[in-house]
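> Sharing a sequence plus its predicted fold:
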Amino acid sequence: MDLLADVAAWFADPANWEGRNAIPRRLGEHVQMSALAVAIAALISLPPGVWLGHSGRGQVLAVAVVNLGRAVPSFAVVALALPFSIRAGLGIGYWPTFLALLLLAIPPMFTNAVTGVGTVERETVEAARGLGMREHQVLSRVELPLASRVILAGVRVSAVQVVATATLGALVGWGGLGRYIVDGFAVQDNARILGGALLVASLAIVTEVGFGLAERLATPRGARKTGQTEGLATPPPA
Amino acid sequence: MIESWLDWDWVTRNSDEIWRQFVEHLQLTGIAVGLGFTIALAASLIAVRFRRTYTPITWVAGALYTIPSLALFAFLVPVTGLSVTTAEVGLVSYTLLILIRNTVAGLDGVPPEVREAARGLGYRHPRLFLEVDLPLALPVIVAGLRIATVTVIGLVTITSIISLGGLGLFILEGVRRNFTTPMVVGTVLTIALAVAADLVLVGAQWLLTPWTRGRSSTLG
């Protein structure tokens, strides 16, 4: 099939390696935007999630948040961020994309933090208290290590979803790897569409696998065999 | 405040078109979940019967699930064009992981003693499967169907980018014209459809599994 040859030629074309549309530049934008959105969303969602889980509350809220996150299409979030951003004086492109990604990254992390900490066995927590641990020690030495796998799974789910949705930023005037797909559709350039799709898909899979490995490494040995690994946040694809 | 986001005149003027795209959205979703469930059921039966195939099956479904939808549609467009086929292949591939996982978990959850008892009563395949395994696995399978359906309803909005219909068309139109009304209409109706479909599935499960009533459901 000469389509594959076209895609190979697209990747080999020096024009795609320099200037505004250079592949490394678009890839860099995509990674940077995604990382920033996930990092800030983590700062916003993990502390209250962990606290709610520790206090044994918020389970209903956690389920509601994850269901809401699933029912609201990510494309709608990106689209609505555009007029919002324009009205707030932040313009098009960068800010609407960032705001949308930030919003979308919160539910999986929040939910898994609440359920991860909240479902640590009560006997274990009581035993820690019985050993004379103070509340912050119970949290930092018992609950967080035991919940780490579920919490990190939430971060992975968010990250994969953000990388996927950042592709839609091209529709609201931002760059990133979605540029190739959206512009490729506009001018009906199949090689560019496929090249962009290949880059986006690879980045998403690398993110999933990379976070999966980090999850294993960061999980204390004693917490590895617990049944619950995914928490509630089955990733909504974007 | 609301007026600045939603122009009711536009909504009344376009009510026919809105209804048409709503129906189209429902159709694209129905076909995707129906086909997805058929494939997932077959894959789950293979996975349950030949245990070693389960890991590779979930690997393939998981990889499909991880590929961003716009990229997946982009892979398909040069092959199948801007067509319903492209949309459905993409949408179906997103249902598989959830449906296979839940169907296998549901079938695994059927107590062996129940199956033994049914055998003792003279049940044989396919009756054993249809009248014992499947009904007992139903709550977990329906939980998967609910997630898959809500997910697909959201993803159908993306098919507007490859020039297909559905409520995403209004969202895209809103973005292109920087006009909030169609965006709001598309978003609100998509969410309403997701909630309605979820309730219909909960209702269907309630009707189909009378023996579980009064107990809390096993998987949310």
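All right, it came through fine. Numbering: from 1, shown residues only, chains lettered A, B, ... in the order given.
> alpha carbons only for contacts and neighbour counts from here, please
Fine.
> quick one: which helix or strand includes A:Leu101?
Here A:Leu101, judged by DSSP states H and E, is contained in helix A:94-118.
> could you dump the following helix or strand past that helix to CSV, C-alpha only?
Next in sequence after helix A:94-118, counting helices and strands by DSSP H and E, comes helix A:122-130. As requested, the backbone C-alpha atoms of helix A:122-130 are provided in CSV (Å, rounded to 0.1, in the frame of the first residue of the first chain):
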residue,chain,number,x,y,z
ARG,A,122,-10.3,-0.5,58.9
GLU,A,123,-8.6,-3.2,61.1
THR,A,124,-5.2,-2.1,59.7
VAL,A,125,-5.9,1.5,60.5
GLU,A,126,-7.2,0.7,64.0
ALA,A,127,-4.1,-1.5,64.6
ALA,A,128,-1.9,1.5,63.7
ARG,A,129,-3.8,3.7,66.1
GLY,A,130,-3.5,1.0,68.7
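> pLDDT on the helix holding A:Leu101, on average?
Averaging pLDDT along helix A:94-118 yields 94.
> That helix and chain B in contact?
No. Counting by C-alpha under 8 Å from any C-alpha of the partner chain, no contacts exist between helix A:94-118 and chain B, the nearest distance being 11.5 Å.
> Off-centre distance for that helix?
Taking C-alpha atoms, centre = their mean, to the nearest Å, one finds helix A:94-118 lying 7 Å from the centre of the chain it belongs to.
> what helices or strands is it leaning on?
Contact here means 3 or more C-alpha pairs under 8 Å, 6 or more residues apart in numbering or on different chains; DSSP states H and E; on that basis helix A:94-118 packs against helix A:23-54, helix A:59-71, helix A:74-87, helix A:144-166.
> Residue ranges in the chain under the pLDDT threshold?
You didn't pick a chain, so chain A it is. A:1, A:222-238 (pLDDT under 70).
> wrong one, I was asking about chain B
B:1-2, B:214-220.
> again, 80 this time
For chain B, applying pLDDT under 80 flags the ranges B:1-3, B:212-220.
> Just give me the residue right at the centre of it.
Residue closest to the average C-alpha location in chain B (C-alpha atoms, centre = their mean): B:Thr149, at 2.6 Å.
> What segments of chain B are helices?
B:8-13, B:15-49, B:54-66, B:69-80, B:84-108, B:112-120, B:127-128, B:134-156, B:168-177, B:180-208 (DSSP state H).
> what's the closest of those to A:Glu18?
Between A:Glu18 and the helices of chain B, the shortest separation by C-alpha to C-alpha is 22.9 Å, and it involves helix B:69-80.
> how far is the closest one from where the chain is centred?
With C-alpha atoms, centre = their mean, you get 19 Å for helix B:69-80.
> Report the angle between that helix and helix B:84-108.
On the basis of axes from the mean of the first three to the mean of the last three C-alpha atoms, to 10 degrees, helix B:69-80 is oriented at 120 degrees to helix B:84-108.
> buried set for helix B:69-80?
Within helix B:69-80, the residues scored as buried using 16 or more other C-alpha atoms under 10 Å in any protein chain shown are B:Ser69, B:Leu70, B:Ala71, B:Leu72, B:Phe73, B:Ala74, B:Phe75, B:Leu76, B:Val77, B:Pro78.
> In CSV: the residues you listed, plus distance to B:Asp9.
CSV is the format used below for the buried residues of helix B:69-80 (distance: C-alpha to C-alpha, whole Å):
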residue, distance to B:Asp9
B:Ser69, 34
B:Leu70, 32
B:Ala71, 36
B:Leu72, 37
B:Phe73, 34
B:Ala74, 36
B:Phe75, 39
B:Leu76, 38
B:Val77, 36
B:Pro78, 39
